[in-house]
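Asks: What follows is a predicted structure for the sequence shown.
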Amino acid sequence: MVGEIKMTTSINSNKKPVLDLKPLEKTAVNASTQKEYNVLRMVYEIGGWKWDSALFPNQNQIWNVHGKNTCIEGGISLRKNKSGEFGHSSKHYYLRENWKIISPETFYKRQGIETEQIETITKYFDGRNNLKVIP
């Protein structure tokens, strides 16, 4: 991706934030804490992305499998090579596949997502009581 996008978060009629995420080719996001993982799943769901198993991001909890080495694909599934879907594995797996590993902060920067937008998204999910951000 060349340059950065200034992303705006809109709110739909159901008071759900809306993002237009751009898939990042051969890129995995390393969520090294449970909090980073939860927030990333929220952002992915608001962006309309799904696990490559067709589940919404908050329907699959895999952080406990890989812990601090948890990586979530950046919007293009390695397994299916399909945009808007993603899988997960350990950081070591993606390194063997010659993928770029980035932090959630780098992902948000490349997407043009600012702190205020992340706060809006986490408040939306906290209000639904189905996915909490762990401090």
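Replies: Thanks, I have it.
Asks: quick one, helices of this protein?
Replies: Per DSSP state H, the chain carries helices over the ranges 34-46, 63-66, 91-96, 104-111, 115-128.
Asks: on contacts alone, who are the packing partners of the longest one?
Replies: Translated: helix 115-128. strand 17-18, helix 34-46 (3 or more C-beta pairs under 8 Å, 6 or more residues apart in numbering; DSSP states H and E). Glycine gets a C-beta too; all of them are placed from N, C-alpha and C.
Asks: so the longest one versus helix 115-128, what angle?
Replies: What it means is helix 34-46. Angle, helix 34-46 to helix 115-128, by axes from the mean of the first three to the mean of the last three C-alpha atoms, to 10 degrees: 90 degrees.
Asks: Please shift the residue numbers so they start at 741 in all later answers.
Replies: Okay, using 741 as the starting number, the last item reads as helix 774-786.
Asks: Alpha carbons of helix 774-786, as PDB, please.
Replies: The C-alpha coordinates for helix 774-786 follow below in PDB (Å, rounded to 0.1, in the frame of the first residue of the first chain):
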ATOM      1  CA  GLN A 774      -5.300 -10.600  24.500                       C
ATOM      2  CA  LYS A 775      -6.300  -6.900  24.400                       C
ATOM      3  CA  GLU A 776      -4.700  -6.400  21.100                       C
ATOM      4  CA  TYR A 777      -6.300  -9.500  19.700                       C
ATOM      5  CA  ASN A 778      -9.800  -8.500  20.900                       C
ATOM      6  CA  VAL A 779      -9.600  -5.000  19.500                       C
ATOM      7  CA  LEU A 780      -8.300  -6.300  16.200                       C
ATOM      8  CA  ARG A 781     -11.200  -8.700  16.000                       C
ATOM      9  CA  MET A 782     -13.600  -5.800  16.600                       C
ATOM     10  CA  VAL A 783     -12.000  -3.700  13.900                       C
ATOM     11  CA  TYR A 784     -12.100  -6.600  11.400                       C
ATOM     12  CA  GLU A 785     -15.800  -7.300  12.100                       C
ATOM     13  CA  ILE A 786     -16.700  -3.600  11.700                       C
END
